[in-house]
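Colleague: sequence first, predicted model second:
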Amino acid sequence: MPRLFTGLEIPSDLAIDLAMMRGGLSGARWIDVENYHLTLRFIGDIDDATACEIHSSLEQIRRAPFTVTLEELSTFGGAKPRAIVAKAKPATALVELQAQHERLIRRIGVPPEPRKFTPHVTLARLRAASAGAVAEYLSARGYFFSRRFEARRFVLFSSRASTGGGPYVVEAAYPLC
């Protein structure tokens, strides 16, 4: 059974730029640069027939390319941080594309995504990193400036079942035109 999700790829020049944020935080497991992405819809472990239905549905999406803006470094997890992320501006085109993925995938019978969509690129997963150390890390990188890229396609990724996922494989790509 494949484990699938849809997302936007991060261009290599931007990925290298984001990789410069790595280091300086004990307890962080930094994501490999080639695995940076912005998840649109986590699907999970599904059978091959459902995967084919999802692919057919995604092929029907017709949307124009749009700009994605990464605005800030942040964390997920509140008082017990679990990830360092680069948050993306929830621009209308991005939110609408994600909502369309959600609708199409739910129609196929995949349960709804329980988490609110917060567009981001995960840079590190945290284990045993104190909230104070994470705050210091973010403070030291207060120079983070907005970065942009043009989303010209979205993809259907697969991953193997492992802690933190990856490596991610592009199973299909769908142009935005």
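Modeller: Good, I have the coordinates.

Colleague: switch to C-alpha atoms for all contacts and neighbour counts from now on
Modeller: Fine.

Colleague: counting by contacts, list what the helix of greatest length in the chain packs against.
Modeller: Scanning the chain for the helix with the most residues, using DSSP state H, yields helix 92-107. Using 3 or more CA pairs under 8 Å, 6 or more residues apart in numbering; DSSP states H and E, the elements in contact with helix 92-107 are strand 37-45, helix 48-58, strand 66-76.

Colleague: any idea of the angle the last one forms with helix 92-107?
Modeller: Following axes from the mean of the first three to the mean of the last three CA atoms, to 10 degrees, one obtains 80 degrees for the angle between strand 66-76 and helix 92-107.

Colleague: name the helices or strands packed onto the helix or strand following strand 66-76?
Modeller: Where DSSP states H and E defines the elements, the next helix or strand beyond strand 66-76 is strand 83-88. In terms of contacts (3+ CA pairs under 8 Å, 6+ apart), strand 83-88 is packed against strand 66-76, strand 120-126.

Colleague: hang on, the earlier thing: residues in contact with the longest helix of the chain?
Modeller: With contact meaning CA atoms under 8 Å, 6 or more residues apart in numbering, helix 92-107 is reached by 40-41, 43, 54, 57-58, 63, 66, 68, 112-113, 117.

Colleague: fine by me, we can end here.
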